[in-house]
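> Turn this into a structure:
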Amino acid sequence: MSAAPPLTPPAAAPAFTPYQRFATGLLTLLQFAVILDFMIMSPLGAMIMPAMGMTAQQFGLVVSAYAFSAGLSGLLTAGFADRFDRKRLLLFFYGGFLLGTLWCGLATSFESLLLARIVTGLFGGVIGSIVMAIAADIFEPALRGRVMGLLQGGFAASQVLGLPFGLFLATRWDWHAPFLALVGFGVVGGLLIAWRMKPVDAHLKLKNDRSAFAHLVHTVAQRRHLHAFLITALLTTGGFMIMPFASAFSVHNVGIDLEHLPIVYLVTGISTIFVAPFVGRLTDRFGPLPVFYTGSAITITMVAIYTRLGPSPLIALIVINVVMFAGIFSRMVPWQVIVTGIPAPEQRGAFTAINAALQQLAGGLAALVSGHIVVIAADGRLEHFPWVGNVLIGTTLLVCVLIGPLARQQAARADTKR
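This next block holds a predicted model:
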């Protein structure tokens, strides 16, 4: 018997219903807010470090604090994640996330900002996993490539709309302003969830009589779940090592003026708004693996170039960023399609919570290690930055080896259920 093609989609994918279109838009809005809250720390790094007299190690700790607290929160809530209506769970954590973001906007010292990031991570770090569980519950597998592409478009929108506007507010007033503006924007998303989102509770009708701890252990113990968790951790490591110092690298190593930095994020984000949904459609058409391998090849090439850049024109940095992020999204979208289809519906909440927790913990560790690898020279230049790029290249190559067997196992399981 010949092996089935990995995760091959049906010939004609069904269309979204009106409610599915609304739900996609709402979940993308939440992704925009949560991702922007985390991503804004990187471009603001060039302002926050001198304003608070932070070292690279301290700033790496502030970035990783969010990730560590988010990881801990995900592990603590995983056992209970499938015992509640996912809409109610989302509202609870989203409310806490907005309070944490408000605290960031009011922080006046390294210590207060560190505590604020911890609180924000405790709540915000779980939201992504709930969003992914809701998306998998609402959308059938044949639609998930397009959905994940649109959700990842929330990342792009945070660059196109959020980061440039946040940087404008920060340069117009100070670095606190973007966080305060995000709270005002985020309240709109919370009201829409409460008003228009339907309950997401079909998983509550499935048999699950284990205790919270037993449910957690049973989810972790499955071999295919552990395989997926390892891939998630590896994919996260390299990106979290590069991201915290991207703005400082662009300013001090590449020679881009701080006033021109928003242009880099703006153009990159605009391109990604088109790339992410396109990658989602390609994933639905050709399957996740070919798209993932292509994205990995692009990522490896562009990271090797980017982390070794010296003084360069603005246009060169923009082109490199655009192509590099196209490669990164060509990894992210197909992996999200694969990983959301791995757990059974009654384990989806716990699985996505653990997966997000490991992602945050791996990212937090990577950011912390990166803060000790990268050295800020007397003139502000970052030294040893290519080393963190080599880590991303190595982890990407390892994931390319690991992802194939997992995707083929999932395809075989799906084939036997038909």
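
> biggest helix in the protein, by residue count?
When the chain is parsed with DSSP state H, its longest helix is helix 385-417.

> Quick check: buried residues in that helix?
Neighbour-count burial for helix 385-417, counted by 16 or more other C-beta atoms under 10 Å, picks out 385, 388-389, 391-393, 395-396, 399-400, 403, 406-408, 410-411. Where you see a C-beta, it was placed from the backbone N, CA and C, and this is true even at glycine.

> Which other helices and strands does it contact?
Packing contacts for helix 385-417, counted by 3 or more C-beta pairs under 8 Å, 6 or more residues apart in numbering; DSSP states H and E, involve helix 223-242, helix 288-306, helix 314-340, helix 348-373.

> L89 is nearest to which of those helices?
helix 348-373 (7.8 Å; C-beta to C-beta).

> Extract the CA atoms of stretch 273-287 and return them as PDB.
Extracted in PDB, the C-alpha atoms of stretch 273-287 (Å, rounded to 0.1, in the frame of the first residue of the first chain):
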ATOM      1  CA  ILE A 273       0.100  41.300   5.000                       C
ATOM      2  CA  PHE A 274       0.000  39.900   1.500                       C
ATOM      3  CA  VAL A 275       2.500  37.100   2.100                       C
ATOM      4  CA  ALA A 276       0.900  35.400   5.100                       C
ATOM      5  CA  PRO A 277      -2.600  34.800   3.500                       C
ATOM      6  CA  PHE A 278      -0.900  33.800   0.200                       C
ATOM      7  CA  VAL A 279       1.200  31.200   2.200                       C
ATOM      8  CA  GLY A 280      -2.000  30.000   3.800                       C
ATOM      9  CA  ARG A 281      -3.600  29.300   0.400                       C
ATOM     10  CA  LEU A 282      -0.400  27.600  -0.800                       C
ATOM     11  CA  THR A 283      -0.500  25.400   2.300                       C
ATOM     12  CA  ASP A 284      -4.100  24.400   1.600                       C
ATOM     13  CA  ARG A 285      -3.300  23.700  -2.000                       C
ATOM     14  CA  PHE A 286       0.100  21.900  -1.800                       C
ATOM     15  CA  GLY A 287       0.200  20.700   1.800                       C
END
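
> circling back to that earlier point, Serialize the helices and strands packed on helix 385-417 to a markdown table and add fields for distance to I40, mean neighbour count and mean pLDDT.
Formatted as a markdown table, these follow (distance: least, C-beta to C-beta, whole Å; neighbours: other C-beta atoms under 10 Å; pLDDT from 0 to 100):
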| stretch | distance to I40 | mean neighbour count | mean pLDDT |
| --- | --- | --- | --- |
| helix 223-242 | 15 | 20 | 82 |
| helix 288-306 | 21 | 20 | 92 |
| helix 314-340 | 17 | 22 | 88 |
| helix 348-373 | 15 | 24 | 75 |
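
> could those be laid out in CSV, adding distance to I256?
Shown next, in CSV, are the helices and strands packed on helix 385-417 (distance: least, C-beta to C-beta, whole Å):
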stretch, distance to I256
helix 223-242, 16
helix 288-306, 13
helix 314-340, 6
helix 348-373, 20
